[in-house]
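> Here's my sequence, what's the structure:
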Amino acid sequence: MNQDDSFRLLISSPKSSISSLVQGIWSASVLGGVGIEKTLYADACSGIIFNLAGNIAIGENLFPEGIVALPVKSRADNMVLFEGARVAGIRFHPGGGFAFAGKHFDRPTLLSHGDSEEYCVHQLYSKLKSIDNLENSIQYISDWAVGRLANVTPLPKSLDRALKSISLFGDLSELNACVDISHRQVERLFKAWVAVTPKQYQRILRVKRTIHFLRLNENVKLSDVAQNFGYSDQAHMNREFREIASTTPRHL
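Numbering: from 1, shown residues only. Take a look at the predicted model:
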């Protein structure tokens, strides 16, 4: 699948009232006769995809029109938008998907009409089906999210501090100083809310930041990049990329 001018993607930041839960709101369409393949990089986040027209594939799973709940991304995957596809979605922060759904999904899952109806997601889907403008779709999802998600149970404060500590310092060395609970309790919170361990979360963030750096700096020595980002050596960085990003630094 090749990307061309027939593919459109819009991404919007959430309103402040839901920004602790929602990372972003997006909408996309394939207007021409050629489908698009996009990489879904690992980021320890989950989300919802509203498949409004046509078929989509996520990894080896093919989905018809409907609402697809995404699992926590701890390993990169591919999504294919076939000819005529029109989709929109919500990306949650780590732990936000569990706060919304009250459970984790172990694979991309087509939601039935009984799922998450306290948030009226199927009413939202029906309305989005009638909107053919990407900007209007994002605005409608944003308005729905402000009205329906503002009162979702927030993450436990200790977990929120732990997530911010790892994001800020890039490792686990400062974690104990930032939270008021034991390491075992932190592990339990991560398992329940984030579906990855603190160590896995740290590894995912490091690969994500390394990818961002390499995309901005193409002509760099990979051994230096490995050292600067805390890998033991270039081979270690390559192994982490294969396991988490499903690629290598040279093939981004």
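> and the helix or strand hosting residue 135, what's its mean pLDDT?
Using DSSP states H and E, residue 135 falls within helix 134-149. Across helix 134-149, pLDDT averages out at 96.
> how far out from the middle of the chain is the helix or strand that that helix is followed by?
Of the helices and strands lying after helix 134-149 in sequence (DSSP H and E), the nearest is helix 157-169. Relative to its parent chain, helix 157-169 has a centroid offset of 18 Å by CA atoms, centre = their mean, to the nearest Å.
> Pull out the buried residues from helix 157-169.
Burial within helix 157-169, assessed by neighbour count using 16 or more other CB atoms under 10 Å, is assigned to 158, 159, 160, 161, 162, 163, 165, 166. Quick note: C-beta positions are derived from backbone N, CA and C, even for glycine.
> out of the residues you listed, who's nearest residue 53?
Closest approach to residue 53 among these (CB to CB): residue 163, at 35.6 Å.
> Would you tell me which one of the buried residues of helix 157-169 comes nearest to residue 115?
Nearest member of the buried residues of helix 157-169 to residue 115, counting by CB to CB, is residue 159, at 24.4 Å.
> Check which helices and strands the helix or strand residue 38 falls within is in contact with.
Residue 38 is part of strand 36-40 when elements are defined by DSSP H and E. If you count contacts as 3 or more CB pairs under 8 Å, 6 or more residues apart in numbering; DSSP states H and E, strand 36-40 packs onto strand 77-81.
> From residue 71, how far out is residue 44?
11 Å (CB to CB, to the nearest Å).
> Looking at these two, which one has more neighbours?
Higher neighbour count among residue 44 and residue 71: residue 44, with 23 against 18, using other CB atoms under 10 Å.
> The more buried one touches residue 74, doesn't it?
Yes. With contact defined as CB atoms under 8 Å, residue 44 reaches residue 74; the gap is 6.4 Å.
> Can you check which residues contact both of those two?
196, 200, 204 (CB atoms under 8 Å, 6 or more residues apart in numbering).
> domain assignment for this structure?
Listed domain ranges for the chain are 7-149, 157-251 (source: automatic domain parsing).
> winner for burial among those?
Sort the domains of the chain by mean neighbour count, taking mean count of other CB atoms under 10 Å, and domain 7-149 sits at the top with a mean of 18.
> returning to that earlier point: in CSV: the buried residues of helix 157-169, plus pLDDT and distance to residue 88.
CSV is the format used below for the buried residues of helix 157-169 (pLDDT from 0 to 100; distance: CB to CB, whole Å):
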residue, pLDDT, distance to residue 88
158, 93, 34
159, 95, 29
160, 94, 27
161, 92, 32
162, 94, 31
163, 95, 26
165, 91, 33
166, 92, 30
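> Tell me the pLDDT of the closest residue to residue 62 other than its chain neighbours.
Distances taken as CB to CB, 6 or more residues apart in numbering put residue 55 closest to residue 62, at 6.1 Å, once the chain neighbours are dropped. Note for residue 55: predicted pLDDT of 92.
> Residue 55: what's it in contact with?
The contact partners of residue 55, by CB under 8 Å, 6+ apart, come to 62, 63, 64, 82, 85.
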